[in-house]
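Q: Sequence and predicted structure, then a few things I'm wondering about:
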Amino acid sequence: MEFERGSLSRRGFLDRSLAALAISGLPNWYAREVVAANQERDAASEKTRKAGPNDQIVMAAIGVGGQGTGIMKSAKGKPGVKFVAVCDIDDNHAKEAAKVVGKDCHVYKDFREMLANEHLDAVTVGTVDHWHALTSIAAMKAGCDVYCEKPLSLTVAEGKAMVKAARKYDRVFQTGSQQRSDDRYRLACELVRNGRIGKVHTVEARIGDNPVGGPFKTGPVPDGLDWDFWKGPTADVPYVKERCHYEFRWWYEYSGGKLTDWGAHHNDIAQWGLGMDGSGPVSITATGVEPSHKPNCYNCHPHFAVTYRYADGTHLITSSDGENGNRFIGEHGWIFVNRDRIEASDAKLLKEPLEKDAVRLYVSGDHMSNFIDGIRTRKRPICDVEIGYRSVTVCHLGAIALRLGIPLDWDPKAEHFIGPRAEKGNAMLSREMRSPWRLEV
């Protein structure tokens, strides 16, 4: 009788899981695969819960405002993980994050001091974009595996250095492009990769527009915020509230606007679906509404459209218009996917199972768990540093073409611009860093 009750319970759980997945638009055949994969992952996690103290993963968080605290909480909730320290240049962020960790948490303002003092296996990096490279590389040098938020880097040169460091120090590195661990996105990319919509001629990445604002007033630096440290390798400018924390995204000095903020998600999915994880486009053209050039104004292009052409003739159009998400368009129809749903021009495109010998993609199911598993097994995670680098490079190429206002040709193998306008483009692949900060691997 005990066995029968257990079987009924498992059957009920399976039915409920399938029903929940069906709501998100997953066809029944795929939902069953997802449930089976989740059960396998849960069984592995159960073994981890019983691991001894020597198997514990000791971690710390660098950058704990907003998303930084979110990824820290995600990692902290995994079996066998213990956080011992947090680091942030804003005392208020650090204190709140320390409460989440617990009474024995060590609090730092300088990540270099934390890496020198703590015995860590891994770190989460949730800083502003212009600090991703320097903090991640320092952590890898100190022997830590890294989970770094997207977009991976501020420049192409920084991303390249992060890949070099991960390989040099043999570190596990997960880029926080969590859509790769979403079942809907994996299904969309598997269907596309297996020719379900025929030859793909266009991919749309709809990422939203950038806000307009300013001129903003300079003001006193808030108590507890180390403004000079926040600026780090970027130019020395007076404090403006709208430059800092969440709003840093709308300044080219610190980010790439929506092109890197949401582009790092949707261009990444385009790369995955096209099978271009180790490559990229060969030409880029961009148009947009000019941003304000006045001092202390948001300066990312409010509206824009970037067209990337790949060597096989496929086009990726990344624009500020349309419903947020990805649309793959082929000779036999289209597939649209976002974080809420997946749909197709014909329902049959989704409902018919893939063939047994079909191309199947890396299955994660949980982005942070995938990273934690990688720490234990040394297997590269689903969004390894090189994948994150290639995807954010697509974003950077679009931002460069948009800012220069000229079409550009790109060599994805040599990783630099070519052709008559190459000099202008290549000059923007890196940025000079304010002393004493340097990009060293």
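A: Arrived safely.

Q: Tell me, how many residues neighbour residue 189?
A: Each residue near residue 189 was counted by other C-beta atoms under 10 Å, and the total is 25. Heads up, the C-betas are built off the backbone N, CA and C, glycines and all.

Q: Wait, it touches residue 271, no?
A: No: Residue 189 is not in contact with residue 271 according to C-beta atoms under 8 Å; the separation is 9.5 Å.

Q: can you map out the helices along the stretch 101-250 of the chain?
A: Ranges of helices in the stretch 101-250 of the chain, per DSSP state H, counting those that start in this stretch, are 111-117, 132-141, 156-168, 183-193, 227-231.

Q: Looking at the record's assignment, how would you partition this protein?
A: Domain segmentation of the chain under automatic domain parsing yields 10-179, 181-365+387-426.

Q: Residue 374 is nearest to which of those?
A: Closest approach to residue 374 among the domains of the chain is made by domain 10-179 (4.3 Å; C-beta to C-beta).

Q: next one: that closest one to chain centre, how far?
A: Here the centre of mass of C-alpha atoms in domain 10-179, compared against the chain's by C-alpha atoms, centre = their mean, to the nearest Å, lies 12 Å away.

Q: where does the stretch 51-200 of the chain have low pLDDT?
A: For the stretch 51-200 of the chain, the stretches flagged by pLDDT under 70 are 51-54.

Q: in it, which spans are strands?
A: For the stretch 51-200 of the chain, the strands defined by DSSP state E, counting those that start in this stretch occupy 57-62, 81-87, 106-108, 122-125, 145-148, 173-175, 200-206.

Q: export those to JSON lines and tack on mean neighbour count and distance to residue 410?
A: JSON lines is the format used below for the strands of the stretch 51-200 of the chain (neighbours: other C-beta atoms under 10 Å; distance: least, C-beta to C-beta, whole Å):
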{"stretch": "strand 57-62", "mean neighbour count": "24", "distance to residue 410": "32"}
{"stretch": "strand 81-87", "mean neighbour count": "22", "distance to residue 410": "36"}
{"stretch": "strand 106-108", "mean neighbour count": "17", "distance to residue 410": "40"}
{"stretch": "strand 122-125", "mean neighbour count": "28", "distance to residue 410": "27"}
{"stretch": "strand 145-148", "mean neighbour count": "27", "distance to residue 410": "24"}
{"stretch": "strand 173-175", "mean neighbour count": "32", "distance to residue 410": "21"}
{"stretch": "strand 200-206", "mean neighbour count": "21", "distance to residue 410": "17"}
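
Q: still on that earlier bit, which one of the helices of the stretch 101-250 of the chain lies closest to residue 418?
A: Of these, nearest to residue 418 by C-beta to C-beta is helix 156-168, at 14.3 Å.

Q: that older thread, now render the helices of the stretch 101-250 of the chain as a markdown table, adding distance to residue 75.
A: Formatted as a markdown table, those follow (distance: least, C-beta to C-beta, whole Å):
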| stretch | distance to residue 75 |
| --- | --- |
| helix 111-117 | 16 |
| helix 132-141 | 14 |
| helix 156-168 | 18 |
| helix 183-193 | 21 |
| helix 227-231 | 24 |
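
Q: Check the spacing between residue 412 and residue 180 real quick.
A: Counting by C-beta to C-beta, to the nearest Å, the gap from residue 412 to residue 180 is 20 Å.

Q: OK, contacts around residue 82?
A: Residues in contact with residue 82 (C-beta atoms under 8 Å, 6 or more residues apart in numbering) are 56-59.

Q: do residue 429 as well
A: Residues counted as contacts of residue 429 (C-beta under 8 Å, 6+ apart) are 155-157, 396, 400, 416-417.

Q: Show me just the buried residues among those.
A: The neighbour-count test (16 or more other C-beta atoms under 10 Å) marks 155-157, 396, 400, 417 as buried among these.

Q: Comparing residue 412 and residue 180, which residue is more hemmed in?
A: residue 180 (26 against 18).

Q: hang on, the more buried one packs against residue 273?
A: No: using C-beta under 8 Å, residue 180 makes no contact with residue 273, being 11.1 Å away.

Q: returning to what we had before: would you mind saying which of the domains of the chain lies nearest residue 380?
A: domain 10-179 (6.9 Å).

Q: follow-up on the earlier one: between all of the contacts of residue 82, which two are separated the most?
A: Pairwise distances among these were taken by C-beta to C-beta; the largest, 9.7 Å, belongs to 56 and 59.

Q: so what sits against both of the two?
A: Going by C-beta under 8 Å, 6+ apart, residues that sit against residue 56 and also against residue 59 are 81-82.

Q: I'd like the domains of the chain written out as CSV, with distance to residue 432 added.
A: Formatted as CSV, those follow (distance: least, C-beta to C-beta, whole Å):
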stretch, distance to residue 432
domain 10-179, 10
domain 181-365+387-426, 9
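
Q: Relative to residue 441, which of the ones you listed is closest?
A: For these, distance to residue 441 was read as C-beta to C-beta. The smallest value, 4.6 Å, belongs to domain 10-179.
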